[in-house]
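**Q** give me the fold of what follows.
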Amino acid sequence: MGSAGEGKTSPEKSPSAKKSGYIYTMSSETLPARRRLRGIVDLVAGLTIIAAYIVLLQGQVAEGTFEPGKHFAYLTNQTSYSNIVVLLAGGVLALTTRYDTVVYASVRASFVAYAFVVGVVYNALLRDPDDFGFHNEVTHVAIPIYLMADWLIRGNRPWIGWNTVWVGASYPLVWVFVTLIRGPYVNWYPYDFLDPTQPAGWVGVIAHVIVVTGVFVALIAFLVWLNHLHSTQSAQKKPLLFHSHKEL
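**A** Numbering: from 1, shown residues only. Predicted coordinates:
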């Protein structure tokens with residue numbers, strides 16, 4: 001004879017809710033269809049960036065124009081390669097857990113800003129009239145639009161702190177610092193507006209750095225504010241994620 005409680009599944013043993021500390025991760029059967037769809041779109045977006053770079057690098061290698069020292073120095077390429085990781089991680093999270101983690105949401109906010117600024121700067125200042133290749137359209141148009149639209153629409157992210165602004169803005173500043181230190185030694189700058197040998201000189205470089213940094217700070221701050229707005233609006237709709245020992 002079994003005990004009176006035999007046959008009942010406790011929350012700790014439920015196949016659809018696995019406890020990790022105080023946070024439950026849901027099985028794919030209980031994930032909302034919209035979250036699963038977003039996970040699939042994230043995975044497709046990440047794989048599309050990979051395809052874009054395969055096309056780009058195959059062409060450059062075949063032509064003998066691939067220069068690793070220059071290729072990996074571009075902020076566009078650094079952030080785009082990072083976006084592969086961000087998007088694939090987002091896809092896995094969306095397909096395996098009910099909510100993103102705070103760390104992931106903070107990182108994603110920063111990379112939304114990077115992609116958007118890179119896309120705007122490229123299309124406004126750097127694009128050649130006939131430069132509409134697959135790689136450029138993916139990294140400078142499609143991905144920035146998707147990341148920004150996703151952040152504007154999706155409201156079920158965890159609350160992220162304002163320190164996201166300063167942490168996020170620090171990476172472009174470090175990149176600029178390294179670029180300016182490296183430039184004279186390799187006699188090359190990835191973007192003309194960072195080249196102090198141009199007519200505008202250091203005044204032009206500093207002015208551009210201040211403006212672009214201000215844009216990054218303002219944009220990440222807007223993304224954090226929007227996250228707080230979404231979190232406040234959906235607070236009453238979300239299930240409780242954290243419980244005391246008694247509640248568990």
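
**Q** what about G119, neighbour count?
**A** A total of 20 residues lie near G119 under the criterion other Cβ atoms under 10 Å. For the C-beta atoms, the positions are set from N, CA and C on the backbone; glycine is no exception.

**Q** and for the helix or strand where it lies, what's in contact with it?
**A** G119 is part of helix 102-121, with elements assigned from DSSP states H and E. Residues outside helix 102-121 that contact it (Cβ atoms under 8 Å, 6 or more residues apart in numbering): 75-76, 79-80, 82-83, 86, 89-90, 93, 100, 139-141, 143-145, 147-148, 150-151, 157-161, 164, 167-168, 171-172, 212, 215-216, 219-220, 223-224, 227.

**Q** go on, stretch 176-186?
**A** Residues outside stretch 176-186 that contact it (Cβ under 8 Å, 6+ apart): 69, 73, 189-190, 194-196, 205, 209.

**Q** mean confidence score for that stretch?
**A** Stretch 176-186 shows a mean pLDDT of 95.

**Q** for that stretch, which positions count as buried?
**A** The neighbour-count criterion (16 or more other Cβ atoms under 10 Å) identifies 176, 179-180, 183 as the buried residues of stretch 176-186.

**Q** cool, stretch 38-45 as well?
**A** Judged by neighbour count using 16+ other Cβ under 10 Å, the buried positions of stretch 38-45 are 38-39, 41-43, 45.

**Q** now do the helices in the protein.
**A** If you assign secondary structure with DSSP state H, the helices in the chain sit at 33-63, 68-71, 75-96, 102-121, 134-137, 143-153, 163-186, 201-234.

**Q** if we can go back for a sec, would you turn the buried residues of stretch 176-186 into TSV with distance to H135?
**A** Converted to TSV, the buried residues of stretch 176-186 look like this (distance: Cβ to Cβ, whole Å):
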residue	distance to H135
V176	24
T179	21
L180	26
G183	25
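
**Q** could you single out the nearest of those to F132?
**A** Ranking the buried residues of stretch 176-186 by separation from F132, with Cβ to Cβ as the measure, puts T179 on top at 26.7 Å.

**Q** look up how far R35 lies from the closest one.
**A** When distance is defined by Cβ to Cβ, to the nearest Å, T179 is 39 Å away from R35.
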